[in-house]
Every structure is written in structure tokens, then in C-alpha cells.
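> Pasting the sequence and the predicted model now:
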Amino acid sequence: MKRLLLASVVALFPLFPACSGGSADEPDVPVAGDVVSDVAADVVADVTLPPDGTVEPETAEDTPPPDGFIFPPRDDLFRVGIGVVETPAPVGIPTAGYGQSYNKEAPHSPFTASFVATTRQQSPILAKAAYLSRGEDELLVVRLDKIGTTAKLLDELTRRLDKNTGRKWDGKVIVASNHTHLGPGRLWEDPIGEFANYLYWAPYYDLYVASILDACLAAMADAEPARFGYGKTECPECHNDRRCENPPFIDDTMWVMRFERADGSLKAVWLNFAVHGTVFGYQDQVLSGDAPGNIELKLEETFDANVPVFLFQSWGGDMSPGDPTVAPVEPVNPGIPGDFDRLERIGFSASTHVLEMLPDIETTDDVKFVSNTLRIPIDADLIGYKDGEWPFMENGAMLCGTNQPSPCWGEPGDPPKMFGCLPLSPDEAVKQFTLSSYRIGELFFFTLPGEPHCDFAVEAAKKVSELTGFADVVVVGYAQDHWGYLMKEYDWYLGGYEPTISAWGPKQADFMIAQLPHVASKLLDPAYVLPWEPMGYAKQPLLAGKKYAPLESKTAIEGRQQPAASIAPTEAATFTWAGGDPWFGTPKVTLQRKDGDSWATVVRHNTTPFSNRTIWMLTSLEMVPSWNEDKTTTMREFLWTVAMPAKRNVPTTDELSAGTYRFHVEGTLQLAGKTEPSELDSDPFALE
């Protein structure tokens, strides 16, 4: 049943107008079973599935923290720590966020047999964690380069934190995704999500969650006395209202939160803003943080130290990325593709607004915080549907209104017929959802489990403000759980793409938002009696399966195409080398400059290296033979290419002066049965 549903959804999804990225080519749809058997990194389990029902957190009191790990003292000082880790994202993994039709001519890889394989990486795929502590209180806030966050991911991370620290973390962990549509797929634990994420792959997921745990532990180890303050600005040119079916409504608010060390130096910046991560499509075959991630990168480059920026989504459900006008830096480099420039323009515009007010934010070290997380029951009866209102009372349904014409607001046309749906089976039905609330100082936060529409979320924030008495309320969407688009009941009936993935129909989101007063009241008054019995952890995802064996490289690392000897300001330096399987990670490429008889790494304004972990370099991979040509050969050439424009078209604090440079490559490859580190330098080249 699981794979049959997936096949049905994949076949239908390219007909949706909003987040679809379907090709105009005639689809050559494979049988679902063929897809599974054709994937080298399969999902075939070598352990039995977890039992049905919820999985309660395991006892962790007797589990000591790792050797050498030291928690900050439990005194009255407010402390903050930051951890940033690259999550596993091998080039070749499909992206998550767009439904796709199978096209046998599109590039595939050992990691995907039907979704389009990535062939390039524009920016690093990261997990960022912030750890807050004061006395007995602790809070971890995680932001991911990912399409969305599920309750299973939250609960699995919480279990691992319990085991690895010897402390209990339930209610003290917030996991939010930035909603890039160019993060890695194959990480969604349920079949319903596979239509836009490709087949769940348990061993890959296991490694992914482990990397998030690493970021959390790094943040704890980094904790130091800190100060906190906040303000807000707007960036109207950074986004647009993308949904035409409902009345035009937009809120440009961007919250800006400043974390300082005790000496006043900047430690981290949090942003809260609404912008879809859809500048690129899946056809671009690129891994990227897209608009949300590049806002972070452009702001980070302006600081004179390495200051991590976290962007948390607010009401991004119906907000597309904008296309700001920014005067280019002359001479214009025509080799930078337009969408890459657009990402930078969005980031530059957002950074300009932030920098106008960030230095003036007042901070304090007297910061108190508290958090809670509640797992809430949901079904058609609890929602309160009357007879005949919702035909799918038992298990819910998906794809409601698919292919129905839906006129834009104010245009003539009949309302769409919304009850042509795909019923869910008992195994597919989900009957609990997760909400969290937390306060940091005088700023109150609440999470929403999916993609909130603007009018829906703004109204929710006003209600929470009235209930709690907090003047300043922040909505964190795409956090703790994911239930598709969250919209008012009237909006659901207007049709379009968004309502098609609301499992409990038109009243689903209104029911969820009606529980926020209970969640907030429980946070502020632990004695508050909830009107429902809180539920346990989500069913634990499958964590074992067939693992991927990295392919052998034909040769040791070696250069194949050297940079041109001289690079003009309107050109790019490119270097190709034979390296290792992308499973080992994208090789790290840094720029070095000749200084006398030696070479030194070029350092950016923010003290980090010029590398392919920045917007300056695009890394590409060609596998020879390609996976489309030959799926059986276990020894191949992995031809990596890095491209770096001599200058950017969008203003930047980082400029490269004339001089002699080279690329330095560090990677890993499998050679003669052994996994080996590898290093290589390109030939020198001159920047004019």
C-alpha cells in the first residue's frame, strides 16, 4: 500500500501549479517496485519494523555524558552556545520539495532512480544549533536546511540527546526548517511525504540525525555568558504574495534577535521572516539553502568575525522569494547565472535592512526563558465536523481538489469542487500533532506544524499576544511537525495547490490554532489543566536498512582541467580534478594566494576562508560512466569542478585584488579497497 500510494501521488503531483516542478516531457513512469529495486542505496530493512503505537522516551538518568564533556555550571548566569555542522548531503541525492515526474533522460545516481539527481552544490547544507542555559533551565533551538520538520525527527533527536547527555530534553528542544526546496531528499519518514522527498532511506536518515546531534553537543560545549536583545524591521522587496486564490495579504515583518558575549561582541543573530526557498527548481540539479540560506550567508559576510546567522520561517506558506533590484558592481560578470544573482540580491537587500538597526538593539544579561512541547490528539470528531461536512471521517484524505480549476480572488469562475480526494488508510492516518511555545526574555514564540499562510499566522500571533500579555510574539513555522499548508477554513475552499495536502480537510488548521491558548497557558502556568490528555512520542522511524558502499575511484586524486593562466574581472576561474565518491562529502576547496615563496589561505572580511562553503564558488560533479549509462560498474571517475567568478555582481564586503592564486582541494576517496584522505593544488592563475 505504501509504494502504491507513492506511485499514485508522483503521477498526479506535476499537475499541481505551485510547488510542482514537473517537466513538459512525456513521463515514462516506472512501476513503483522497479524503482525500489533499482536504487543501489535501497530502503530494504534488515531489522523488523518498530511496533505500532507511540514510543515513549527511554530512561536516561544512568547514561553519562561523553568523556570530556562538561556542561556549563548551573548558576544564575544566562549563557548561550552555538554549534554549526554540515549535514550529510552527497551530490547526487535528489532535492526535497517538488513533486516530479519520472524522466529516464534526466540524470540519476546511486541515490535516486526516478527523482532528478543533483549535480551541483551552491551553498553548504547545515544544521545550526543554539543552546541557552540559566540555572536549571535549558533550551536547544535548531535550524535546518531542510524542506520541513516532522514530529518523528524532533522525537528521535530528543531521544538521542537524552542518551548522550544523561539529561531529559523533552519540551526543551525546538527543531525548525528553513524550507529550502534544494535540501536533500530521502529524509521524510512517512509515505505521504515521499511524493516530494523521494523514498525514505533509513541509514541515511540515521546519519543525518547524528549530525544534528553533533551540532547540539557543539553548542552546549560553546556556552558562555551572554546578553540578548531584539527588534524588528521589514523587507518588502524580499518576498511576494504567491497565492492568487485568496485575498491579497502580506506582512513584511522581519524580527531581528541579537546575542552578544559578555564583552558586547556579537555572537549570533536570529532572523524571523517569511520567504519560500524556491528561487531554484529541481531541474537546476543544485543543493542549496536557496533564499533563506543565502540571506544568512550575505548577512554573515558583512561582519568582521565569524557570526552565525539563523533564519527561522514565519508565515512562509504563501510567500514566494522576491526579486529585488540592486545596482550591480561594474564591470558586470556575465558568467554568473541570473538565479545565482537573484539569491544574492535577496540576501543583500535583507542584510541592508538588518544592518540599519542591528547595532542599536539594546541587550541585557538578565534573560529568563522557559519552553514546553505538547503532543495533541486530532481526528475528525475532535475537530468537530458535522455530518456530511467531511467525507473522510475515519482516516482523513489527501489531494483534495486536484486538477480542479480555481479562479484567482475577484475573478469570475465557479468555486472548485474540493471533495475529490485520495482517502488515507489506517496505517497512513496521523492522529496527533505537535505544538511548542517558549519565551526568551520579553519575546514570546510559538511554533506552527507546517506552512502557515500569512493571514492565518498573523491572526494567530495577535490572539496569543492578547492571551499572554506579551506585546511581542514571534511565529516559527515549519517547526516541530509538518501538516502541509495551514490556512483558514474559507481559504481551503478556494482551491489551488495548497489545500491538497491538508489531511484533515478545511477545519484542520483552525483546530490546531485553537489549541495554542492551551499550549501557551500551560507554559505560563504549569498547573493549568489541559482539555485533552497529552500524547506520547511519535512512532520511532526505521533506523536500519541497506547501507551504501562507496564506489571505487579509478585513480588517485589528480587534476584534469587547470584554470586559465589569467582571469579577467568578467571571467571565472575553473578547476576540474578526479576525486572520490560524493558519499564522502563535497570536497573542500579553499582559495590560496601566493605570498613570496609560500601560499596562504585567502581570508574573507568575516575571518572565514574563501571556499566552496560560501557563495563565491559553485561545485559540480560528473560521474564517468554516468549512472544512467551503467548502474553496475563499481569503479568510476568522479570529476569534480569548482568555478569561482573573479568578482561578484552584487555588492559584497569581500573583493579579490590582483595577484596570483590557486585552489587547494581536500577530500576523501575509496582506492584499492581503502578509504583515504586526499589533497591537491591547482596550477597557479592570475586575477587581473
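Yes, it's here.
> Need the phi and psi values for the residue lying closest to His181 once chain neighbours are set aside.
Of all residues not flanking His181 in the chain, Gly97 sits nearest, at 3.1 Å (C-beta to C-beta, 6 or more residues apart in numbering). Where you see a C-beta, it was placed from the backbone N, CA and C, and this is true even at glycine. Backbone torsions of Gly97, given as degrees, to the nearest 10, read phi 140, psi -30.
> Quick one: residues contacting Gly97.
Residues in contact with Gly97 (C-beta atoms under 8 Å, 6 or more residues apart in numbering) are 19, 147, 179-183, 196-197, 277-278, 282.
> for Glu533, same thing?
Pro377.
> if I look at it, how far off is Ala527?
Going from Glu533 to Ala527 by C-beta to C-beta, to the nearest Å gives 16 Å.
> Gly277 and Gly148 touch, don't they?
No: Gly277 lies out of contact with Gly148 (C-beta atoms under 8 Å); the separation is 10.8 Å.
> overlap in contacts of those two?
Contacts common to Gly277 and Gly148, judged by C-beta under 8 Å, 6+ apart, are His179.
> residues in contact with Lys146?
96, 177-180, 183-184, 187.
> just Ala503 next, same as before
Counted by C-beta under 8 Å, 6+ apart, Ala503 has contacts 192, 396-398, 424, 429-430, 483-484.
> next one: Val175
Val175 touches 142, 144, 149, 153-154, 157, 212, 479-480, counting by C-beta under 8 Å, 6+ apart.
> still on that earlier bit, could you export the contacts of Lys146 as CSV, including distance to Tyr230 and pLDDT?
Compiled in CSV, those are given as follows (distance: C-beta to C-beta, whole Å; pLDDT from 0 to 100):
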residue, distance to Tyr230, pLDDT
Ala96, 31, 96
Ser177, 22, 98
Asn178, 19, 98
His179, 22, 97
Thr180, 24, 98
Gly183, 27, 98
Pro184, 32, 98
Leu187, 31, 96
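> Go through those and flag which are in strands.
Ser177 (DSSP state E).
> Could I get the contacts of Lys146 in JSON lines, plus columns for neighbour count and distance to Gly559?
Formatted as JSON lines, these follow (neighbours: other C-beta atoms under 10 Å; distance: C-beta to C-beta, whole Å):
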{"residue": "Ala96", "neighbour count": "25", "distance to Gly559": "34"}
{"residue": "Ser177", "neighbour count": "25", "distance to Gly559": "38"}
{"residue": "Asn178", "neighbour count": "28", "distance to Gly559": "36"}
{"residue": "His179", "neighbour count": "29", "distance to Gly559": "38"}
{"residue": "Thr180", "neighbour count": "29", "distance to Gly559": "32"}
{"residue": "Gly183", "neighbour count": "29", "distance to Gly559": "31"}
{"residue": "Pro184", "neighbour count": "28", "distance to Gly559": "29"}
{"residue": "Leu187", "neighbour count": "27", "distance to Gly559": "34"}
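> hey, where'd the helices end up in this protein?
Counting by DSSP state H, the chain has these helices, from start to end: 2-12, 32-38, 151-165, 194-197, 202-221, 290-300, 338-357, 380-383, 454-468, 489-492, 508-514, 516-524.
> Now tell me which of those helices the model trusts least on average.
With a mean of 33, helix 32-38 has the lowest mean pLDDT of these.
> any idea how far Trp627 is from the nearest residue to Gln561 once chain neighbours are set aside?
Beyond its immediate neighbours in the sequence, the residue positioned closest to Gln561 (C-beta to C-beta, 6+ apart) is Thr576, lying 3.8 Å away. Distance, Thr576 to Trp627, by C-beta to C-beta: 19 Å.
> Ok, Asp366 next?
Asp366 is 57 Å from Trp627, by C-beta to C-beta.
> Mind checking which of these two has more residues around it?
The residue with more neighbours, out of Asp366 and Trp627, is Trp627; 19 against 10, by other C-beta atoms under 10 Å.
> who are the neighbours in contact with that one?
So Trp627 contacts 92, 107-110, 117 (C-beta under 8 Å, 6+ apart).
> repeat for Ala215
Applying C-beta under 8 Å, 6+ apart, the residues contacting Ala215 are 83-85, 127-129, 142.
> do that again at 6 Å, thanks
83, 85, 127, 129 (C-beta atoms under 6 Å, 6 or more residues apart in numbering).
> Restricted to strands, list the residues you listed.
83, 85, 127, 129.
> Could you let me know which of the contacts of Gly97 ends up closest to Ile70?
Gly183 (32.8 Å; C-beta to C-beta).
> how far away is the closest one from Gln480?
Noted for Gly183: a distance of 18 Å to Gln480, by C-beta to C-beta.
> Could you tell me how many residues sit around Asp241?
Counted with other C-beta under 10 Å, Asp241 comes out at 17.
> What is the end-to-end distance of stretch 653-664?
In stretch 653-664, first residue to last residue: 23 Å (C-alpha to C-alpha, to the nearest Å).
> One more: stretch 623-631?
11 Å.
> same question for it, mean pLDDT?
pLDDT averaged over stretch 623-631 gives 96.
> can you pull the buried residues of it?
623, 627 (16 or more other C-beta atoms under 10 Å).
> Stretch 488-501 now?
In stretch 488-501, counting by 16+ other C-beta under 10 Å, buried: 488, 491-501.
> Likewise for stretch 532-545?
Buried residues in stretch 532-545 (16+ other C-beta under 10 Å): 535, 537-542, 545.
> Which of those residues fall within strands?
Those of these lying in strands (DSSP E): none at all.
> want to throw those residues into a markdown table with distance to Asp472 and pLDDT?
Output for those, formatted as a markdown table (distance: C-beta to C-beta, whole Å; pLDDT from 0 to 100):
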| residue | distance to Asp472 | pLDDT |
| --- | --- | --- |
| Met535 | 30 | 94 |
| Tyr537 | 32 | 93 |
| Ala538 | 31 | 89 |
| Lys539 | 36 | 85 |
| Gln540 | 37 | 87 |
| Pro541 | 36 | 88 |
| Leu542 | 41 | 86 |
| Gly545 | 45 | 85 |
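> Closest to Val603 out of those?
For the buried residues of stretch 532-545, the closest approach to Val603 (C-beta to C-beta) belongs to Pro541, at 41.5 Å.
> so who does that closest one touch?
Counted by C-beta under 6 Å, 6+ apart, Pro541 has contacts 152, 189.
> What backbone torsions are found at it?
Here is the backbone geometry of Pro541 (degrees, to the nearest 10): phi -70, psi 160.
> what do you get for the one 3 residues further on?
As for Ala544, its main-chain torsions (degrees, to the nearest 10) stand at phi -130, psi 150.
> What score does it have for pLDDT?
For Ala544, pLDDT reads 81.
> Same check on the one 10 residues further on?
The score at Lys554 is 96. That number is its pLDDT.
> rewinding a little: want to throw the contacts of Lys146 into a markdown table with distance to Tyr205?
Shown next, in a markdown table, are those (distance: C-beta to C-beta, whole Å):
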| residue | distance to Tyr205 |
| --- | --- |
| Ala96 | 12 |
| Ser177 | 15 |
| Asn178 | 19 |
| His179 | 19 |
| Thr180 | 18 |
| Gly183 | 13 |
| Pro184 | 10 |
| Leu187 | 5 |
